[in-house]
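Q: Next input, structure requested:
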Amino acid sequence: MNKEIINLGLETYRWYGPNIGGVEKTALMLANNLANNGHNISIFTEKNDKNFNGNQSIIEAKEGDLKKISVYYHQNMDEVVGNIERQIQEGKIDIVEIEGFFGIKEDISLMKRILNLKAPLVWVSHNVSLLNKRHRYDEPGFVFSKAFTDKVDAFVCVSSLLGQHAREFGFPNEKIKVIYNPINTEIFHSVSSSEKTNIRNKLGLPLDKKIILYNGRVALDKGSDFLMRAWQEASCDLQDHHLVIVGDVSKGDESMAELFAKFKASSGGNVTFSDGFIRDEQTIANYYQAADIFLLPSPSEGMSGSMIEAMACELPCVVSEKARAESGSGELLDDGYNGTTFKELTPNSFVAAIKEVKNSMGRASLFKFKSMGFEIQDSFKKRVDLYSELVHGKPYSVAMVA
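A: Next up, the predicted model:
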């Protein structure tokens, strides 16, 4: 086997479909970087929005000089696991990475199959739910936690807080790897005042108001219900501000879709909405570059990719105190330095936090971003060194010259 090449099997709940989220964006960026550096990537995902004829997987191959990504779409997770098992047996995969594996706690049989794969297993934690300590204290929770911590070869956490949760859950320190999700700074970066004006004109945003930006899914777990309620009740106190919501409700979330539709109908002219989810990263970056303040109303985040993108674009951030204290947002925000927090989930607290934002906080955000190691190559090297060490017994940088 050529030690310079890694054959990675990457499981992700959703491959780059219409409802793209942070996990999917990270998986896409990782796969592209690995493939562009000569590694072989096989993506295993569920059907997403693909139309199936019969029960056959759909394969999409993209090839170039040094690039090969194969995407396998399946009817369900049982088929996903079955295909991974077959490809390991056929010698096509050296190492498997699981991007969260949604629903695994509800299917012990799938859990057992994943944990018994005949290849090194890397698990990535993007949020706090999987490592909730309560899973350890009930049956089959105890069995789950013991098998999980014993058989996973490396547990990648996207924030230091998740790394702490992993230790409390039972992972030994040597298995825990804190690797931040990368950001493409060729796209996400700050702009001059004149460029900001031009971008606002292009997006149809007001020039005479401070722009508050929310970018992400419109969902209960993202705090969207609070955002809509707070804006409706407090917008009269923020008449010199304009809210922009980039994103949409995920398909099937009917109750939130109804609430969001009512909010749109009653928002008047002081809110701008994107036309659903935006896949083009340059367009998303333009919204950050047009804004003055980034808003994260989520009660909890593993490590908000949107917040990191906002910091790269030199935006001060406003988040809930609960999220700052109990999630990865606390690593990103120093209250009063590069942003502020609203201490309570009330309109008054929301308004107070926004009014405390100072222009200097944007510069502080960019400085903090640059100091934390979110550049693509930093994250990519740590990931590849981990894979190579698990497959070859030595870091990639050593294996390259072996």
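
Q: and the longest helix anywhere in the chain, how far out from the chain's middle?
A: For the chain, the longest helix by residue count, based on DSSP state H, is helix 376-392. Centroid separation between helix 376-392 and its chain, computed with C-alpha atoms, centre = their mean, to the nearest Å, is 19 Å.

Q: Tell me which residues of it come out buried.
A: By neighbour count with 16 or more other C-beta atoms under 10 Å, helix 376-392 contains the buried residues 376, 379-392. Where you see a C-beta, it was placed from the backbone N, CA and C, and this is true even at glycine.

Q: cool, and stretch 84-92?
A: Under 16+ other C-beta under 10 Å, the buried positions of stretch 84-92 are I84, E85, Q87, I88.

Q: need the next SSE after the helix or strand containing I114, C-terminal direction.
A: Using DSSP states H and E, I114 falls within helix 108-115. Downstream of helix 108-115, the first helix or strand assigned by DSSP H and E is strand 121-125.

Q: quick one: buried residues of that next one?
A: Here strand 121-125 shows L121, V122, W123, V124, S125 as buried, counting by 16+ other C-beta under 10 Å.

Q: swap in stretch 322-330?
A: Under the neighbour-count criterion of 16+ other C-beta under 10 Å, stretch 322-330 has K322, A323, R324, S327, G328, S329, G330 buried.

Q: And for stretch 352-372?
A: Buried residues in stretch 352-372, counting neighbours by 16+ other C-beta under 10 Å, are found at A352, A353, I354, E356, V357, M361, G362, A364, S365, L366, K368, F369.

Q: F342 is in contact with the first one, correct?
A: Yes: counting by C-beta atoms under 8 Å, A352 sits close enough to F342 to count as a contact (6.9 Å).

Q: about what we covered before: would you check which pair of the buried residues of stretch 84-92 lies furthest apart?
A: Maximum pairwise distance among the buried residues of stretch 84-92 (C-beta to C-beta): 7.5 Å, between E85 and Q87.

Q: Would you map the strands across this structure?
A: 7-11, 40-46, 58-63, 68-74, 95-98, 121-125, 154-157, 176-178, 210-215, 241-246, 271-273, 293-296, 317-320, 339-342 (DSSP state E).

Q: If you average pLDDT over each of these, which is lowest?
A: Looking at those, the lowest mean pLDDT belongs to strand 58-63 (a mean of 44).

Q: how about the nearest residue to E344, chain neighbours excluded?
A: E321 (7.8 Å; C-beta to C-beta, 6 or more residues apart in numbering).

Q: typo on my end, it should be R363
A: Here the residue nearest R363, using C-beta to C-beta, 6+ apart, is E314, at 6.5 Å.

Q: Quick one: residues contacting the one you found.
A: Contact analysis of E314 by C-beta atoms under 8 Å, 6 or more residues apart in numbering lists S190, G362, R363, S365, L366.

Q: Tell me which of these fall in helices.
A: Applying DSSP H to the contacts of E314, the entries found in helices are G362, R363, S365, L366.

Q: can you pull the pLDDT of K381?
A: With respect to pLDDT, K381 scores 87.

Q: quick revisit: so which of the ones in helices among the contacts of E314 would you say is closest to D253?
A: S365 (30.7 Å).

Q: didn't L115 look like it was pressed against W123?
A: No: contact criterion C-beta under 8 Å: L115 and W123 do not qualify, at 9.7 Å.

Q: So for these two, which residues contact both of them?
A: Shared contacts of L115 and W123, defined by C-beta under 8 Å, 6+ apart, comprise V152.
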